[in-house]
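Trainee: Predicted model and sequence follow; I will ask about them next.
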Amino acid sequence: MMYSTILYAVDDRVAWITLNRPGKGNALSLKLCAEFREALASAERDPDVRVVVVKGAGDRAFSTGFDMDGDKSEVAPSSSDDWSLDDWSRYFDLGVKFIHSVFNCSKPVIAMINGFCLAGALDFAISCDIRYCSDDSRFGAIETRMGIGDTELPMMSHLIGQRCRELVYTGDMFDANDAYRLGLVNRVFPKDRVEEEVSRIAKRMSRVALPALVWTKKALNNTLLAAGLESALRYSCAADLIIGKSDSEFKRFREIQNSEGAKAAFKWRDAIFEPFESETSGLSSRVASRSIKTERSAG
């Protein structure tokens, strides 16, 4: 099957799915989310596939999050004040199904992070079974700095515990070493070797008998479900809908985005936080804006 926003290939029992929008930081459009789920379903059906690896095209970003710079049918609802509650519900439903597709996949899914992994892309990576990253990778729940909630708080809390509170309350960015220290990623590799090393691990993993991989994942997932993950996710999604429709000071962010574009909105946002940034607050989102020519993601 041909795709326009992703690449799909199978090599020696490992399916590789590439988020293929490098000119837009591999931002997650709704079309990309739909195509990814189709490709993942193909990998799940394929008896020759035992492990799935997800990566971003190019070397600058795994993904910068959900797209904020397309037409209304593609962008995050933060850019559309005229969206109804039904619009928000539909958007979150599609986004949550994309994020959770890797959790619900019966086969192990590895996120290979090379560069920026922000906002909704961070949520997506957290839902994968394992995360490996390059030593120049940058992470952040930056959507909170735009008055947007984080749907995947229950998954993040499970992964790194109470330390997730500081990350989501501040929206600070952090580097690969911090991600490893927090337990967010399993290993950090030099940038020029990350794909080689991840490929080696994935192929080694694929030598395990498929029933052992599938049923071990089911057992691990059901441990979380028995602890109340599903109900926690439902509450978190409802909280996001409330946040999205709330009349806060970040309504101005959406107004600027609608009239002047996402770049101007991010500039306005960064000015609010800039006086309080410090060397201990991690890499600021302002630096990320300079590092990515056009910042196009948010949620």
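Mentor: Perfect, I can see it now. Numbers count the residues shown, from 1 in each chain.
Trainee: Show me the helices in the stretch 101-250 of the chain, by range?
Mentor: Secondary structure of the stretch 101-250 of the chain (DSSP state H, counting those that start in this stretch): helices at 120-127, 153-160, 164-170, 176-182, 194-205, 210-226, 229-245.
Trainee: OK, contacts around residue 111?
Mentor: 53-55, 62, 102, 117, 124-125, 128, 130-132 (CB atoms under 8 Å, 6 or more residues apart in numbering). C-beta coordinates here come from the backbone N, C-alpha and C atoms, glycine included.
Trainee: Mind putting the helices of the stretch 101-250 of the chain into CSV with mean neighbour count and distance to residue 147?
Mentor: Output for the helices of the stretch 101-250 of the chain, formatted as CSV (neighbours: other CB atoms under 10 Å; distance: least, CB to CB, whole Å):
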stretch, mean neighbour count, distance to residue 147
helix 120-127, 27, 15
helix 153-160, 19, 16
helix 164-170, 17, 13
helix 176-182, 17, 24
helix 194-205, 17, 34
helix 210-226, 13, 29
helix 229-245, 16, 7
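Trainee: Can you tell me, leaving aside adjacent residues, what's nearest to residue 100?
Mentor: residue 127 (6.0 Å; CB to CB, 6 or more residues apart in numbering).
Trainee: and if you look at residue 186?
Mentor: residue 130 (5.4 Å).
Trainee: beta partners of that neighbour?
Mentor: Per DSSP bridges, residues listed as beta-bridge partners of residue 130: residue 110.
Trainee: That one touches residue 112, doesn't it?
Mentor: No: using CB atoms under 8 Å, residue 130 is not in contact with residue 112; the gap is 9.5 Å.
Trainee: Between the two, which is the more surrounded one?
Mentor: residue 112 (26 against 19; other CB atoms under 10 Å).
Trainee: Got phi/psi on the residue sitting furthest away from the middle of the chain?
Mentor: Residue farthest from the centre of the chain, counting by CA atoms, centre = their mean, is residue 209 at 29.2 Å. Backbone geometry at residue 209, expressed as degrees, to the nearest 10, gives phi -60, psi 140.
Trainee: From residue 13, how far out is it?
Mentor: 12 Å (CB to CB, to the nearest Å).
Trainee: And for residue 44?
Mentor: 14 Å.
Trainee: any residues in contact with both of these two?
Mentor: Counting by CB under 8 Å, 6+ apart, nothing touches both residue 44 and residue 13.
Trainee: show me where pLDDT drops low in this structure?
Mentor: 68-93, 149-152, 244-245, 247, 249-250, 279-299 (pLDDT under 70).
Trainee: what's near enough to touch the spatially most central residue of it?
Mentor: Nearest residue to the geometric centre of the chain (CA atoms, centre = their mean): residue 121, 1.3 Å. The contact partners of residue 121, by CB under 8 Å, 6+ apart, come to 26, 28, 62-65, 297.
Trainee: quick one on the thing from earlier: now the helices of the stretch 101-250 of the chain as a markdown table including distance to residue 17?
Mentor: Below are the helices of the stretch 101-250 of the chain laid out as a markdown table (distance: least, CB to CB, whole Å):
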| stretch | distance to residue 17 |
| --- | --- |
| helix 120-127 | 12 |
| helix 153-160 | 20 |
| helix 164-170 | 26 |
| helix 176-182 | 21 |
| helix 194-205 | 12 |
| helix 210-226 | 17 |
| helix 229-245 | 23 |
